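pasted the sequence and its predicted model underneath.
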Amino acid sequence: MQVLITDKSGTPRDWASLREACEYYAKKKVLYPIGSEIKEFIGGKNDQGETSRIKISSIIVVTGRIDGKHFERISSTNPERKILYARDRHMCAYCGDIFAHKELTIDHIQPKSRGGKNIWTNTVAACKPCNNKKGNRTPEEARMHLLYVPYIPTQQEKILLDGKKILADQMEFLLARIPKTSRVWKNKDLFRN
């Protein structure tokens, strides 16, 4: 189970484990919960004999520095495989078929060996046969046309695409912040594992 972490302006920033979320609460960094309660941790007794309890919500607003696993790592210059495949809806950019994660590769539209960069707008999901067929050529040289245009996902899209078992209130919260022009809207159920 994961908790959606937002900054104090309500901008989604990252996913946290229950343990990490509990640390935000214990360090008094949670300004307020937004989502539904998903877990309660019961601790020891304090000096007054009261049992400590921390109730974890599915979405929490935190103050201060957010210790994100993904926020800094994911950038337009380093597309992460899982997010790229989800952005492209697991569809090969050349043949249009849908594939499982393990059957896909990342294709560089302008090959890296020819100066192409490892950026969101130069990378697409491609099945292994299409990627091998294209080889070290551009789509035009290989006479293989792109079926969709690659784009840089917004921070909210990246968080949604990187999520695991997203709860209904988390999904609603993230989708409210994603442009209606995003490919995410084509099949939002794809992200429920």
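Looks like it came in fine.

middle-most residue in this structure, spatially?
residue 162 (2.5 Å; C-alpha atoms, centre = their mean).

tell me how far that one lies from residue 126.
Taking C-beta to C-beta, to the nearest Å as the measure, residue 162 falls 21 Å from residue 126. Just so you know, the C-beta spots here come from the backbone N, C-alpha and C atoms, and that holds for glycine as well.

and what of residue 147?
Residue 147 is 10 Å from residue 126, by C-beta to C-beta.

those two: who's more crowded?
Set residue 147 next to residue 126 and count neighbours by other C-beta atoms under 10 Å: residue 126 wins out with 26 against 13.

quick one: contacts for that one?
92, 93, 94, 104, 105, 106, 107, 134 (C-beta atoms under 8 Å, 6 or more residues apart in numbering).

could you do residue 6 as well?
With the criterion set at C-beta under 8 Å, 6+ apart, residue 6 makes contact with 12, 13, 34, 59, 60, 61, 62.

6 Å instead?
The neighbours of residue 6, taking C-beta atoms under 6 Å, 6 or more residues apart in numbering as the test, are 12, 13, 61.

and the last one, that's in a strand?
Read that as residue 61. Yes: assignment of residue 61 by DSSP: H, G, I helix; E, B strand; the rest coil places it within a strand.

go ahead and confirm it touches residue 32.
Yes: applying C-beta atoms under 6 Å as the test, residue 61 and residue 32 come out as touching, 5.4 Å apart.
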